[in-house]
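Enquirer: let me see the structure of the following:
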Amino acid sequence: MSLKTKLETKNARLGVIGLGYVGLPLAVEYARSGFDVVGIDVSQEKVDQILRGESYIDDVGSEVLAPLVEAGKLTATTDYAALAEVDSVNICVPTPLSKTRDPDISFIDASVERIAETLHRDQLIILESTTYPGTTEEVILPRLQEQGLTVGRDFYLAFSPERVDPGNPNFSTKNIPKVVGGITPACTEMAATLYRNALTEVVPVSSARVAETVKLLENTFRSVNIGMVNEMAQMCQKMDINVWEVIDAAATKPFGFMPFYPGPGLGGHCIPIDPFYLSWKARASGFEARFIELAGAVNSSMPDFVVSLVSRALNDHSKPIRGSRIMVVGVAYKSDIDDTRESPALDVIELLRGGGATVRYHDPYVPSLTTAPDVERVERLDAESLKNIDCAVITTAHKSVDHSILAELCPLVVDTRNALRDNRSAHIHRL
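Expert: Predicted coordinates for the structure are as follows:
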């Protein structure tokens with residue numbers, strides 16, 4: 001039976017490398033659509049949780065995961081030898097930046113090495129990890145072709161950008177349109193066949209390079225526009241203009257304007273990182289991506305700007321940061337999730353502590369901070385937990401948090417998320 005037939009009849013066995021925010025939801029959707037799936041991860045803890053039917057990803061409920069595991073449709077292992085038995089492999093591993101803000105594709109390299117060990121005829125390999133244009137063709141393809149197989153005939157290689165938006169109630173792995181581009185037209189068609197049999201909509205493009213660039217454009221678009229509105233927020237601060245009111249009024253224009261909102265900086269696994277993959281590749285090609293670099297600089301400066309607002313607010317009350325007791329409200333990178341990756345709130349906390357403040361935090365979704373385990377978490381915001389607080393800083397506005405209590409009980413509030421938009425009290429300082 002050919003690979004295409006296996007995919008169309010759902011007799012193919014699928015592998016997913018990396019069982020995080022991207023890989024686990026994808027593996028679940030494959031299994032729910034009828035495929036047999038094996039997930040591979042270096043974390044024994046994650047594998048054990050999956051085998052118990054327990055999800056550690058908010059977007060995948062245990063009530064969805066457990067029946068798939070019990071039915072044998074989805075299993076997990078740390079043993080890469082399982083790749084020898086699969087017809088398709090999705091690579092969903094992290095792609096962080098190095099300390100010098102250069103792309104770090106070491107997790108991709110490690111995965112490809114293991115795939116190459118068991119690569120066989122009629123096998124499909126798809127990279128989903130965000131990376132710079134050319135990675136699939138220039139890095140992965142040469143390594144796989146060392147096995148003597150020809151791409152597009154003996155095996156198939158493609159790129160399809162992940163578009164996960166944690167906590168989004170309307171769009172998930174299932175119904176977000178799936179862009180896919182292969183090394184050859186046959187590769188594109190094979191990857192599209194897989195996705196069409198599991199997901200709602202597939203968008204084929206002409207090459208892997210195009211698909212890689214699509215992802216970077218999407219997130220660079222957000223980074224640049226957020227950088228512009230963050231700069232607008234700083235400018236409005238200087239001119240004593242409410243930037244939130246400006247944005248709300250501008251958003252009434254029914255054409256030619258899309259509202260973006262300021263905040264304490266960029267967070268998450270994509271937007272703070274992906275534009276630098278694009279600008280790095282542009283520099284390597286002799287082009288300086290000035291908009292991207294400028295937006296990155298503005299967004300990176302926002303935690304310092306937030307701390308300057310705290311300093312000015314305290315100074316108005318004859319208090320320095322040193323010795324002040326500050327409550328940071330919300331440490332996830334966006335509302336209503338538990339993800340703290342690249343969260344600007346963590347930078348705000350470290351800057352405040354570096355200035356001598358005693359910092360505590362409240363976040364109903366984040367039980368502890370791995371980056372700062374000694375920072376005390378406050379279980380709830382009430383008169384007892386806030387009675388000695390000099391200033392509260394809202395860095396993430398979870399819908400389940402009653403922020404109005406801060407306005408009532410804290411002598412100073414720095415609101416970076418407009419959570420207290422209807423409160424005009426003088427002791428509330430807005431971004």
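
Enquirer: pick out the least confidently modelled helix or strand of the chain, by mean pLDDT.
Expert: In the chain, the helix or strand scored least confidently by mean pLDDT, DSSP states H and E is helix 274-284, which has a mean of 88.

Enquirer: contacting residues for the spatially closest residue to Arg430 that is not a sequence neighbour?
Expert: Nearest residue to Arg430, sequence neighbours excluded (Cβ to Cβ, 6 or more residues apart in numbering): Asp415, at 5.2 Å. Backbone N, C-alpha and C define where each C-beta goes, glycine included. Residues near Asp415 by Cβ atoms under 8 Å, 6 or more residues apart in numbering: 394, 403, 428-431.

Enquirer: so for the least confident helix or strand of the chain, what gets flagged as buried?
Expert: Buried residues in helix 274-284, counting neighbours by 16 or more other Cβ atoms under 10 Å, are found at 274-282.

Enquirer: ditto for stretch 149-160
Expert: Result for stretch 149-160 [16+ other Cβ under 10 Å]: buried residues 151-152, 154-160.

Enquirer: now render those as a markdown table, adding secondary structure.
Expert: Below are the buried residues of stretch 149-160 laid out as a markdown table (DSSP: H, G, I helix; E, B strand; the rest coil):
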| residue | secondary structure |
| --- | --- |
| Val151 | strand |
| Gly152 | coil |
| Asp154 | coil |
| Phe155 | strand |
| Tyr156 | strand |
| Leu157 | strand |
| Ala158 | strand |
| Phe159 | strand |
| Ser160 | coil |
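
Enquirer: tell me which of the residues you listed is nearest to Val210?
Expert: Nearest to Val210 among the buried residues of stretch 149-160: Phe159, at 8.9 Å, using Cβ to Cβ.

Enquirer: pretty sure that closest one is touching Ser206, no?
Expert: No. Applying Cβ atoms under 8 Å as the test, Phe159 and Ser206 come out as separate, 11.9 Å apart.

Enquirer: what is in contact with those two at once?
Expert: When Cβ under 8 Å, 6+ apart defines a contact, the residues bordering Phe159 and Ser206 alike are Gly181.

Enquirer: identify the bridge partners of the residue nearest to Arg430.
Expert: Counting by DSSP bridges, Asp415 is bridged to Ile394, Arg430.

Enquirer: what about it, distance to Ser285?
Expert: 42 Å (Cβ to Cβ, to the nearest Å).

Enquirer: what about the stretch 301-431 of the chain, any weak spots by pLDDT?
Expert: The model of the stretch 301-431 of the chain has no residue with pLDDT under 70.

Enquirer: what are the boundaries of the strands in it?
Expert: 325-329, 358-362, 376-377, 391-394, 413-415, 428-430 (DSSP state E, counting those that start in this stretch).

Enquirer: so what touches the fourth one?
Expert: Contacts of strand 391-394 from elsewhere in the structure, counted by Cβ under 8 Å, 6+ apart, are 306, 310, 313-314, 324-330, 348, 352, 386, 403, 406, 410-417, 419-420.

Enquirer: now do the last one
Expert: Surrounding strand 428-430, the residues in contact under the criterion Cβ under 8 Å, 6+ apart are 242-244, 309, 312-313, 407, 412-415, 418, 420.

Enquirer: picking that back up, tabulate the contacts of Asp415 (CSV), appending neighbour count.
Expert: Output for the contacts of Asp415, formatted as CSV (neighbours: other Cβ atoms under 10 Å):
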residue, neighbour count
Ile394, 28
His403, 20
Ile428, 20
His429, 18
Arg430, 24
Leu431, 24
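
Enquirer: circling back: out of the buried residues of helix 274-284, who's nearest His398?
Expert: The closest of the buried residues of helix 274-284 to His398 turns out to be Asp274 (Cβ to Cβ; 25.0 Å).

Enquirer: now the closest one: closest residue in space that isn't a chain neighbour?
Expert: Per Cβ to Cβ, 6+ apart, closest to Asp274 is Asn219, 4.0 Å.

Enquirer: from memory the one you found sits against Pro272, does it?
Expert: No. Using Cβ under 8 Å, Asn219 makes no contact with Pro272, being 9.0 Å away.

Enquirer: any idea which element the residue nearest to Asp274 lies in?
Expert: Per DSSP states H and E, Asn219 falls inside helix 208-239.

Enquirer: list the contacts of Cys92.
Expert: Counting by Cβ under 8 Å, 6+ apart, Cys92 touches 16-20, 22-23, 26, 128-129, 162.

Enquirer: check the buried residues of stretch 149-160 and tell me the two furthest apart.
Expert: Longest span within those, Cβ to Cβ: Asp154 and Ser160, 20.6 Å.
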